[in-house]
Structure formats: structure tokens, C-alpha cells
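# Structure of the sequence below:
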Amino acid sequence: MFESSEELQAIQAYEEHFPEIAKEMIATAIQAGCSISLDAISDGSAMGIPRSKMFTQACDLSFVINRVLTSAIDAKNISPMTYREDTVGHGRPMIHYLVDRFSLHIKKNRNAHKLPKRALFRLAETKENQQLSLDLNEGISNPMYLIVTFNHKDFHLRYVQIGIASYDYKGWLHRWSLMDYIRQDRADVMRNEYGPAIRENFESISKNYRLEMRH
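Sure thing, here's the model as predicted:
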């Protein structure tokens, strides 16, 4: 199978410019977020019917993951990652992470081979990936957009990956698994460090989703 010039540029851009530490932070934060959510469900002192608790926690998982990762970024001064909180449509605010010449967000997605559901902001963002038809050293002026997708079974990860979508959002140009970048020891530290505070705030998540994490 022959790759298009856009695919080759996507591979080159990611492999040359996306730092290893960012891959580890993203994958490990997702693992830690799943563990924190599983702890909340397993807590016998928390009110709720088990299946209802499972559903509610699954709905709040994206908040938990973003809270873990943004907290880790704030605490780690040498991190190559920054983030911003954007309002997209009428839904919950979206956290975009900035790494070198990339911008990305994290999305739960059932099928690893398919792109997440089309959304106006994703269509607008990925149009910038048309730059990949240009020379990377001369034509790239705006961020290239990546999407981190994952899925789990009862908060046990099935996959975590990062990919670059085509500019017309018809498919992936390329995807890379992040499962090997999970650092379980660091995930345990995140779980213990950020978990208690996150769990204390679960009840207010649906009322006020804005993270407001910088103190």
C-alpha cells in the first residue's frame, strides 16, 4: 500500500516533532483517570445503585481525565505541553492541549479505526491539516490537529491512540498506539495525588463543568 504525500508528511511531523514525554503524560493520565473512576464506583460509602453509578461515572470520565492531565501539566514545569479551555457550541467546554506545532483533544470513541463523530469544531480544526500537502519546513504556519481516542471496558482500557485526521475529515491519515507509553507507577501517583480532590467534586461536575484548574 502506498502512502499519499499527506500521509507521509503526517508521519514525519509526528515522529519528528511530537515529544516522547507528551505521549507518556497523555497515555498515563488516561490510565489514571480510569483508575480514579473505578475507585469511585468501588467505594461502598458512596450512595447509588451499582449500575447507575457505573453509567454516571462513565459520563464524567472525560472530566476526570482532563482534570488529571491539566493538573499534571500545571505541576510539571518542564512539561512541553500547555492547554486552553474552549467553548464549542452549546456543549461542555473542550480542553485543547498544545504540543510544539500540534493541537489536540481527547475523545472516547468506540471504534479505533473510525474517526469520532463529526462535529463543527472538528471539521474546522482538521481543515488546517491541509498544510500537510506542503513542505513541513516552509509551509506549516498554523497548528496541525490530532485527536487522542480511547475506549474502555468497565474502566479497563481497551486502547489508547493518537492520530491525524485528513483535512476533509473522511478518515485517519495515520494512527499511533499509545498503550506502550502508559507508565503504571506514574499513573498510581496521579491516582493517589489527584483522585481524592476529584472525587470530592463529582457531585458538582454536572452543574459546573468548567475546570478552572489554575489556582
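# C-alpha from now on. contacts and neighbour counts both.
Fine.
# May I have the secondary structure class of the residue positioned nearest the centre of the chain?
Computing the C-alpha centroid of the chain and ranking residues by C-alpha atoms, centre = their mean puts I106 first, at 2.4 Å. Following DSSP: H, G, I helix; E, B strand; the rest coil, we place I106 in the strand state.
# separation between it and E85?
Per C-alpha to C-alpha, to the nearest Å, I106 is found 13 Å from E85.
# sorry, back to before: can you pull the pLDDT of the residue nearest to the centre of the chain?
Per-residue confidence (pLDDT) for I106: 96.
# list the contacts for the nearest residue in space to it that is not next to it in sequence?
In this structure, I106 finds its nearest non-sequential neighbour in V148, 4.7 Å apart by C-alpha to C-alpha, 6 or more residues apart in numbering. Contact analysis of V148 by C-alpha atoms under 8 Å, 6 or more residues apart in numbering lists L104, H105, I106, K107, V160, Q161, I162, G163.
# tell me which of those is nearest to L69?
I106 (10.5 Å; C-alpha to C-alpha).
# quick one: contacts for that closest one?
Going by C-alpha under 8 Å, 6+ apart, I106 touches S62, I147, V148, T149.
# So the first one lies in a helix, does it not?
Yes - counting by three-state DSSP, S62 is located in a helix.
# need the contact list for it.
S62 touches I106, K107, K108, counting by C-alpha under 8 Å, 6+ apart.
# Show me which of these is closest to Y169.
For these, the nearest to Y169 is K107 (15.3 Å; C-alpha to C-alpha).
# By residue count, what's the longest helix in this structure?
Looking across the chain with DSSP state H, the single longest helix is helix 20-42.
# Please put the alpha-carbon coordinates of it into PDB.
The C-alpha coordinates for helix 20-42 follow below in PDB (Å, rounded to 0.1, in the frame of the first residue of the first chain):
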ATOM      1  CA  GLU A  20       8.000  11.200  24.000                       C
ATOM      2  CA  ILE A  21       7.200  12.800  27.300                       C
ATOM      3  CA  ALA A  22       3.900  14.200  26.000                       C
ATOM      4  CA  LYS A  23       2.900  10.700  24.700                       C
ATOM      5  CA  GLU A  24       3.600   9.300  28.200                       C
ATOM      6  CA  MET A  25       1.800  12.100  30.000                       C
ATOM      7  CA  ILE A  26      -1.300  11.700  27.800                       C
ATOM      8  CA  ALA A  27      -1.500   7.900  28.000                       C
ATOM      9  CA  THR A  28      -0.700   7.800  31.700                       C
ATOM     10  CA  ALA A  29      -3.300  10.400  32.600                       C
ATOM     11  CA  ILE A  30      -6.000   8.400  30.700                       C
ATOM     12  CA  GLN A  31      -5.000   5.300  32.700                       C
ATOM     13  CA  ALA A  32      -5.100   7.300  36.000                       C
ATOM     14  CA  GLY A  33      -8.500   8.800  35.100                       C
ATOM     15  CA  CYS A  34      -9.900   5.300  34.600                       C
ATOM     16  CA  SER A  35      -8.500   4.100  37.900                       C
ATOM     17  CA  ILE A  36      -9.900   7.100  39.800                       C
ATOM     18  CA  SER A  37     -13.300   6.500  38.200                       C
ATOM     19  CA  LEU A  38     -13.100   2.800  39.200                       C
ATOM     20  CA  ASP A  39     -12.300   3.800  42.700                       C
ATOM     21  CA  ALA A  40     -15.400   5.900  42.900                       C
ATOM     22  CA  ILE A  41     -17.600   3.100  41.800                       C
ATOM     23  CA  SER A  42     -16.000   0.600  44.200                       C
END
